[in-house]
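Participant: coordinates only, sequence not included:
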């Protein structure tokens, strides 16, 4: 089993587009890149210190921009020569990673579990950045919360530990407030990075989040984000 690799190779139109930016766009990309490089350093330091491997990037509310944060953090990590990353879209009711990264959607998670297939079958290597593996299912799972609590999913995700034991796994989740899918996802993670809407978020949102996150994995920090997914 340990000799297996990801089943797919995909090309990212997002990464190709980033590589062909004009000078004005390059300046903007540099600023963004520097910010995520700082975040990357902090995340890596804390995760390695505690022996954590799996980080859930959790939006407090819909539109907080967590998919953007998960993607940019994954890219920043994977650009380091010796850092392997697995980016996993577990916002199963509203998956966005495939569109954001510009890669083909994979089969749905429910399909592979029902068919008894390995999750590696929908794990793709990004050609432009081979350190990055991605699980980017398409379509909406109507019973996302129930699926995320299914022990078969937790068992399926263990395969990555055998294939890439040192990889950092970044999980993009559903919003914490307004549904139970995110809460169903969090026990799969070692730690949490919250993303709050820096324009429309409220103190009440943070109070409610603090209550919901009791007895959940530790929160590494909160990002106040101004972008939308």
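Facilitator: Received the coordinates, thanks. Nothing here was measured: the structure is a model prediction, and the numbers come from that model.
Participant: Give the buried residues for the longest helix seen in the chain.
Facilitator: If you go by DSSP state H, the chain has its longest helix at helix 23-50. For helix 23-50, a neighbour-count test (16 or more other C-beta atoms under 10 Å) marks 33, 36, 39-40, 43, 47 as buried. For glycine as for every other residue, the C-beta is placed from the backbone atoms N, C-alpha and C.
Participant: Wait, a strand at residue 58?
Facilitator: Yes: Residue 58 forms part of a strand when assessed by DSSP: H, G, I helix; E, B strand; the rest coil.
Participant: Quick check: mean pLDDT of the helix or strand that residue 205 is a member of?
Facilitator: Using DSSP states H and E, residue 205 sits in helix 203-212. In this model, helix 203-212 has an average pLDDT of 92.
Participant: by contact count, what packs against that helix?
Facilitator: Where contact means 3 or more C-beta pairs under 8 Å, 6 or more residues apart in numbering; DSSP states H and E, helix 203-212 is packed against strand 191-197.
Participant: Strand partners (parallel or antiparallel) of the strand it packs on?
Facilitator: Strand 191-197 has the following strand partners under DSSP bridges: strand 54-59 (parallel), strand 219-225 (parallel).
Participant: Not counting that strand itself, show me its contacts.
Facilitator: 43, 46-47, 50, 52, 54-61, 63-66, 69, 73, 176, 186, 205-206, 209, 213, 216-225 (C-beta atoms under 8 Å, 6 or more residues apart in numbering).
Participant: quick one, it and helix 203-212 angle?
Facilitator: Counting by axes from the mean of the first three to the mean of the last three C-alpha atoms, to 10 degrees, strand 191-197 lies at 160 degrees to helix 203-212.
Participant: Off-centre distance for strand 191-197?
Facilitator: Here strand 191-197 is found 11 Å from its chain centre; the criterion is C-alpha atoms, centre = their mean, to the nearest Å.
Participant: when you give positions from now on, start the count at 538
Facilitator: Done: numbering now begins at 538, and the last item shifts to strand 728-734.
Participant: tell me the mean pLDDT for that strand?
Facilitator: 96.
Participant: Ok, stretch 563-576 next?
Facilitator: Averaging pLDDT along stretch 563-576 gives 82.
Participant: No more questions from me, cheers.
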